[in-house]
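A.B. asks: Just to be clear, the model below is a prediction. Sequence and coordinates:
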Number of protein chains: 2
Amino acid sequence: MKLTERAETLLRTLIELYINQGQPVGSRTLARQARLELSPATIRNVMSDLEEMGLIHAPHTSAGRVPTQQGYRLFVDSLLQIKPLQPSAVEEIEDQLSNETDPQALLGKASELLSQITQFAGVVLIPGQQNAIFRQLEFVGLAPNRVLAILITDDGRVQNRVIPTDRNYEPNELVEAANFFNQTYGGVSLADVRRALLNEMMKDSDEMHLIMKNAVTMAGVLFDREEDIKSEVMLSGEEKLFNVPDLCQLEKLQRLFDTFKTKQDLLDLLDRSLRVTGISIFIGDESGYQALHDCSVVTSPYEADGVLLGTVGVIGPTRMAYEEVIPVVDVTARLLSGALSAPTS
Amino acid sequence: MKLTERAETLLRTLIELYINQGQPVGSRTLARQARLELSPATIRNVMSDLEEMGLIHAPHTSAGRVPTQQGYRLFVDSLLQIKPLQPSAVEEIEDQLSNETDPQALLGKASELLSQITQFAGVVLIPGQQNAIFRQLEFVGLAPNRVLAILITDDGRVQNRVIPTDRNYEPNELVEAANFFNQTYGGVSLADVRRALLNEMMKDSDEMHLIMKNAVTMAGVLFDREEDIKSEVMLSGEEKLFNVPDLCQLEKLQRLFDTFKTKQDLLDLLDRSLRVTGISIFIGDESGYQALHDCSVVTSPYEADGVLLGTVGVIGPTRMAYEEVIPVVDVTARLLSGALSAPTS
DNA sequence: GCTTAGCACTCAGCCCCACGGAGTGCTAAG
DNA sequence: CTTAGCACTCCGTGGGGCTGAGTGCTAAGC
């Protein structure tokens, strides 16, 4: 069931028109716009075919046609002509990103940039640290029976947690414990450290040297919390979606913000796109989440020094200017990768 | 212009009714409800007086009356009878809070709890650290020309930032620099450290010992960023406001979420309430922010070991059950203070 | 002088209807 | 295969009438 060239042209112009205007497109307008020198009646015949194929759809009898999800899918897969981003815009992004040195802040900035440029919501996936390499652990005594543990991984991310202890530790005990731990586990992946720790704690602790025991006990608490290893989603500019005509209905927005809040669905979605190289586009229900019914998600993975790190993307209405959003996401992901890779030269 | 006792009773029942039902209250319903054995006609006369005083207001000729902002104000100031919180509810809050040891996480939890219990938005102000005491600084080499600086203050808060450096530092250089810094500035307030640093950096650096120079340069970058010292707002459960009948209109929610996003207004508002002891209540426009027009904010300060730390609160519709929200905020603030104070016993 | 019954009046909300505009499907002719 | 013409469908809008709720006023009663 292949489309004729004429049908393709008409589908493309119809979708382009609809994306611009947001209103069902009728045969008359389409005839004028497509420059095919055909009468509306002929156009109607073709439209009828397209509708039978499930690519467009009439909201009601006397309205024009609107692309269906499959229509959009075909459009982005084979009809879309992507506009390259203006060099000035690229520079702008590059500038903004190079102002940040802190990786966490950099990702936040990227997400905000995406939101700002597209006027939709920007999103960044920071994937779990299961594969991150343990670099260093520090213990700092805070108060009696309270120790601050600081965990540093190879990618420069830092996590800290206050650990309640069963007794008071002397400063030098803390240093020794940290030293012991760093020497033992330096260079090991977090997941492996976790496993090893669990193992250690199973053993009869009487056998262990006191220092080891201290280190293992405290670090055990630190690594016990799964959430430190879990993935994370950063979302920016959700509030901009209030201004999107296709989404600004209470129930839609409510569903959206609910899923934004729980983040789990977003996480799964972005995680799926992580396994794909290059741009991923989820149109409407393709994501599998009710709340994203009228939304499309455009994502691209980013990396540092060739290692896949996570995903950046944009969440907007299904009716979005894909030819503009796609390059923005693409370029941002690239520049982000660059900023994360280059050891400041 | 004092209210008669009858007028007071009527105003109170009217507001209570309106808070429950959300609809303008007419003279007939009010007569039945107030148990004053008066006819609707008499009630109408009193209502007319109340309207003249600006305490209630009729949305249109043939509707009942609705409290005005001043009406609410009078109500919470002198007519409101606060219900004490059920002991089981108190325990629930205590339980939830005692599960967290990390202060940052604790505040987040408090905010979430407030939102969950009231079904409005919970909010926590973490005020600036100008007065926080510098405890310890650590430098960790990450990559060539990249140093991770970790700043620990006396209240157990930790901040870290990746600092780009102009040259490569040896590990022992970093340790020495940190040691120098810790010895010099330990126990000094952050604001003073910042001042001192600026001073040092003005001096001709040739005079300084190399270690000092290193320390000052790197710490200079760290302290240069105002934001580390700035206040912070944590917001939870904003999305619940979608379900509040009085607020679920697009423009209102949009304005709300916009201010939530920028946070500056919230910050100012909570900061104001910080200077008051005990519960503060901002009704509608009293906050001075357009976006909070139909909202009230109920806040209470919290502390640790007798030192004022910040503010927790609830943001909901002006038409909220104050007699329930107030004790929730109050108790949460108290229990939070307790959890932050007690060194785990 | 306060309270109350009665009455006329006002107004939002709702349903119904008519109408114009936009666009379609079909048919028959070129 | 293309096109002109025509009948038809349906949404959106605006007006008109009705109902229910509640008010303000007035005059009578305690």
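C.D. replies: Okay, I see it.
A.B. asks: The closest residue in space to residue A:121 that isn't next to it in sequence in helix, strand or coil?
C.D. replies: Of all residues not flanking residue A:121 in the chain, residue A:315 sits nearest, at 4.4 Å (CB to CB, 6 or more residues apart in numbering or on different chains). Backbone N, C-alpha and C define where each C-beta goes, glycine included. When classified by DSSP: H, G, I helix; E, B strand; the rest coil, residue A:315 comes out as strand.
A.B. asks: wait, residue A:315 sits on residue A:119?
C.D. replies: No - with contacts counted by CB atoms under 8 Å, residue A:315 stays clear of residue A:119, the gap being 11.7 Å.
A.B. asks: So which of the two has more stuff around it?
C.D. replies: Neighbour count, other CB atoms under 10 Å in any protein chain shown: between residue A:315 and residue A:119, residue A:315 has more, with 30 against 14.
A.B. asks: bridging residues for that one?
C.D. replies: Per DSSP bridges, the residues bridged to residue A:315 are residue A:121, residue A:297.
A.B. asks: need the contact list for it.
C.D. replies: Contacts for residue A:315 (CB atoms under 8 Å, 6 or more residues apart in numbering or on different chains) come out as A:120, A:121, A:122, A:123, A:241, A:292, A:295, A:296, A:297.
A.B. asks: Find me the pLDDT at the second one, would you?
C.D. replies: What it means is residue A:121. pLDDT for residue A:121: 98.
A.B. asks: quick one: residue A:321 and residue A:16 touch, right?
C.D. replies: No - checked against CB under 8 Å, the pair residue A:321 and residue A:16 is beyond contact range at 9.2 Å.
A.B. asks: These two: who's more crowded?
C.D. replies: Just comparing residue A:321 and residue A:16: by other CB under 10 Å the higher neighbour count belongs to residue A:16, 20 against 14.
A.B. asks: Do you know the pLDDT at the residue nearest to residue A:121?
C.D. replies: Here, the pLDDT recorded for residue A:315 equals 98.
A.B. asks: Next one: it relative to DNA strand D, how far apart?
C.D. replies: The span separating residue A:315 from DNA strand D equals 26 Å under the rule CB to the nearest atom of the strand, to the nearest Å.
A.B. asks: same deal with residue A:152?
C.D. replies: In terms of CB to the nearest atom of the strand, residue A:152 sits 58 Å off from DNA strand D.
A.B. asks: which stretch of helix or strand covers that residue?
C.D. replies: strand A:146-153 (DSSP states H and E).
A.B. asks: which other helices and strands contact the longest helix along chain A?
C.D. replies: Counting by DSSP state H, the longest helix found in chain A is helix A:322-341. Judged by 3 or more CB pairs under 8 Å, 6 or more residues apart in numbering or on different chains; DSSP states H and E, the packing partners of helix A:322-341 are helix A:87-98, helix A:103-118, strand A:295-304, strand A:307-317.
A.B. asks: between it and helix A:103-118, how many degrees?
C.D. replies: Orientation check (axes from the mean of the first three to the mean of the last three CA atoms, to 10 degrees): helix A:322-341 against helix A:103-118 gives 160 degrees.
A.B. asks: tell me which residues of helix A:322-341 are tucked away?
C.D. replies: Neighbour-count burial for helix A:322-341 flags A:322-323, A:325-337, A:339-340 (criterion: 16 or more other CB atoms under 10 Å in any protein chain shown).
A.B. asks: And for stretch A:270-280?
C.D. replies: Buried, per 16+ other CB under 10 Å, within stretch A:270-280: A:270, A:271, A:273, A:274, A:279, A:280.
A.B. asks: Same question for stretch A:175-194.
C.D. replies: Here stretch A:175-194 shows A:176-178, A:180-182, A:184-185, A:189-191, A:193-194 as buried, counting by 16+ other CB under 10 Å.
A.B. asks: Can you name the two of those residues that sit furthest apart?
C.D. replies: A:176 and A:191 (25.8 Å; CB to CB).
A.B. asks: wait, doesn't residue A:74 sit right on residue A:14?
C.D. replies: No - with contact defined as CB under 8 Å, residue A:74 does not count as touching residue A:14 (11.6 Å).
A.B. asks: Give me the more crowded residue out of the two.
C.D. replies: residue A:14 (30 against 22).
A.B. asks: Next up, identify which helix or strand that one is on.
C.D. replies: helix A:5-21.
A.B. asks: Equivalent analysis for residue A:66, please.
C.D. replies: Secondary structure assignment for residue A:66, by DSSP H and E: strand A:66-67.
A.B. asks: State the distance from residue A:95 to chain B.
C.D. replies: Separation of residue A:95 from chain B (CB to the nearest CB, to the nearest Å): 16 Å.
A.B. asks: er, residue A:249 actually
C.D. replies: As judged by CB to the nearest CB, residue A:249 and chain B stand 8 Å apart.
A.B. asks: DNA strand C contacts on chain A?
C.D. replies: Residues of chain A lying close to DNA strand C by CB under 7 Å from any atom of the strand are A:24-29, A:40-41, A:44, A:47-48, A:51, A:58, A:61-65.
A.B. asks: hmm, which of these are the buried ones?
C.D. replies: Neighbour counting with 16+ other CB under 10 Å marks A:24, A:25, A:26, A:27, A:29, A:44, A:47, A:64, A:65 as buried within these.
A.B. asks: tell me the mean pLDDT over stretch A:2-21?
C.D. replies: 95.
A.B. asks: Repeat that for stretch A:39-46.
C.D. replies: In the prediction, stretch A:39-46 has an average pLDDT of 96.
A.B. asks: Same question for stretch A:143-158.
C.D. replies: 80.
A.B. asks: ok, now stretch A:50-61?
C.D. replies: Stretch A:50-61 comes out at a mean pLDDT of 96.
A.B. asks: quick one on the thing from earlier: which one among the buried residues of stretch A:270-280 gets closest to residue A:109?
C.D. replies: residue A:270 (17.8 Å).
A.B. asks: what residues are up against that closest one?
C.D. replies: Shown in contact with residue A:270 (CB under 8 Å, 6+ apart): A:123, A:125, A:233, A:299, A:310, A:311, A:313.
A.B. asks: in what helix or strand does it lie?
C.D. replies: Applying DSSP H and E, one finds residue A:270 within helix A:264-274.
A.B. asks: For the helix or strand that that helix is followed by, which outside residues touch it?
C.D. replies: Counting by DSSP H and E, the next helix or strand C-terminal to helix A:264-274 is strand A:280-283. With contact meaning CB under 8 Å, 6+ apart, strand A:280-283 is reached by A:69, A:72-73, A:76, A:269, A:272-273, A:292, A:296-300, A:313, A:318, A:322, A:326.
A.B. asks: For the host helix or strand of residue A:29, what is the distance to the chain centroid?
C.D. replies: Using DSSP H and E, residue A:29 sits within helix A:27-34. A distance of 38 Å separates the centroid of the chain from that of helix A:27-34, by CA atoms, centre = their mean, to the nearest Å.
A.B. asks: Name the surrounding residues that touch it.
C.D. replies: For helix A:27-34, contacts defined as CB under 8 Å, 6+ apart pick out A:9-10, A:13-14, A:17, A:38-44, A:47, A:64.
A.B. asks: what residue ranges in chain A are flagged as low confidence?
C.D. replies: For chain A, applying pLDDT under 70 flags the ranges A:1, A:130, A:204-208, A:225-229, A:342-345.
A.B. asks: domains for it, by residue range?
C.D. replies: Domain ranges of chain A: A:5-79, A:87-127+A:232-341, A:134-228, per automatic domain parsing.
A.B. asks: And those: which comes nearest residue B:172?
C.D. replies: Each of these has some distance to residue B:172 by CB to CB; the shortest is domain A:134-228, at 14.5 Å.
A.B. asks: The closest one near chain B at all?
C.D. replies: Yes - Domain A:134-228 lies within reach of chain B by CB under 8 Å from any CB of the partner chain, at A:135-136, A:138, A:140, A:142-146, A:148, A:150, A:152, A:156, A:158, A:160-164.
A.B. asks: Just the buried ones out of those, please.
C.D. replies: A:135-136, A:138, A:140, A:142-143, A:145-146, A:148, A:150, A:152, A:156, A:158, A:160-163.
A.B. asks: Confirm for me that residue A:160 is in contact with residue A:147.
C.D. replies: No - using CB under 8 Å, residue A:160 is not in contact with residue A:147; the gap is 10.7 Å.
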